[in-house]
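Enquirer: Sequence plus the predicted model coming up.
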Amino acid sequence: KTYLTIDQVKELFLYMGQKVIESKPLLTSIDSAIGDGDHGIGMEVGFKKAAEILQNNNLTTVNSIFLETGKAMISNMGGASGILFGTLFVASVKDKPIIHKLNLELLASFIQSGLEGVKARGKAELGDKTMIDALEPAVKALHQALEENEDLINALKKASEKAQDGMENTKNLIAKFGRAKSLGERAIGHQDAGATTISIMFEAIYTFVNE
Ligand code: ADP
Ligand code: MG
Ligand code: MG
């Protein structure tokens, strides 16, 4: 595959949501260790609402799939992650040309804008023990793959690996944002919940496109 059609993007979002929802117990236990335990619940609410909207509306552009998913998260999830994961999808398509096929170049450009949106909104940078620690390395991997003329599958494989490495690395970090911030050194050894969700999302994207 070199690109995904609208229907495939829709299926991809449903699949990604399903994978995150299946990980609810893991996300709950991670957020319970260094947060308030609601991250898995929030992500489930967001992706369920998004799935309803994707299934019940005839969305005819790739842009609207991103936008409606983000809006569903912002209006239904609550918590820091409602705004931040919602912003990831909304900012991905802000001021972008309308597209009907999603290739590697467009995906990299969308998620780059999404990353910038999350950073502008939440002020966290790489190393602050947040979702950024998985997201930024994954976005970088997409751009690098693009420069090296890799195909979509290999690009997604690398992005997924980098997101996972970034997630693992959050165990070594002290939190500068979110609820874990107050724990200081005690957060060391625990991975970040939002970074875990990002890693699950990228793994799902790779798996979906690879099948
Ligand atoms: P809450 O902390 O409100 O309970 P969640 O538990 O759903 O929200 O989400 C927590 C996750 O949100 C964290 O694990 C972290 O990845 C992410 N997060 C929190 N604050 C920020 C921020 N300022 N920038 C980026 N991500 C953040
Ligand atoms: Mg929480
Ligand atoms: Mg909360």
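Expert: Received it, and whenever you're ready, just let me know what you need. Ligands and ions are numbered 1, 2, ... in the order given.
Enquirer: interface residues of this structure facing ligand 1?
Expert: Residues of the chain found near ligand 1 (Cβ under 6 Å from any ligand atom) are 31, 35-36, 38-39, 42, 79-81, 84, 118, 122-124, 130-132, 177-179, 192-195. Using the backbone N, CA and C atoms, a C-beta is placed for each residue, glycine as well.
Enquirer: So which residues of the chain form helices?
Expert: Ranges of helices in the chain, per DSSP state H, are 6-22, 24-34, 39-56, 62-76, 79-92, 104-122, 132-147, 152-169, 193-210.
Enquirer: Between those, which one is closest to residue 187.
Expert: Residue 187 lies closest, by Cβ to Cβ, to one member of these: helix 24-34, at 4.9 Å.
Enquirer: Is there contact, residue-wise, from that closest one to ligand 3?
Expert: No. Helix 24-34 lies out of reach of ligand 3 by Cβ under 5 Å from the ion, never closer than 7.8 Å.
Enquirer: Any chance you could list what contacts that helix?
Expert: 20, 37-41, 43-44, 175, 179-180, 183, 186-187, 190-193, 196-197 (Cβ atoms under 8 Å, 6 or more residues apart in numbering).
Enquirer: Show me which of those are buried.
Expert: Buried members of those, scored by 16 or more other Cβ atoms under 10 Å, are 20, 37-41, 43-44, 175, 179-180, 187, 190-193, 196-197.
Enquirer: Check the burial of residue 144 by counting its neighbours.
Expert: Neighbour count of residue 144, defined by other Cβ atoms under 10 Å: 15.
Enquirer: and it, how far is that from residue 44?
Expert: Look at residue 144 and residue 44: by Cβ to Cβ, to the nearest Å, they are 33 Å apart.
Enquirer: next one: residue 155
Expert: Relative to residue 44, and taking Cβ to Cβ, residue 155 is found at 28 Å.
Enquirer: again with residue 154
Expert: Distance from residue 154 to residue 44, by Cβ to Cβ: 31 Å.
Enquirer: show me what contacts the spatially closest residue to residue 116 that is not a sequence neighbour?
Expert: Sequence neighbours aside, residue 91 is the residue nearest to residue 116 in space, at 6.7 Å (criterion: Cβ to Cβ, 6 or more residues apart in numbering). By Cβ under 8 Å, 6+ apart, the residues touching residue 91 are 70, 113-114, 116-118, 120-121.
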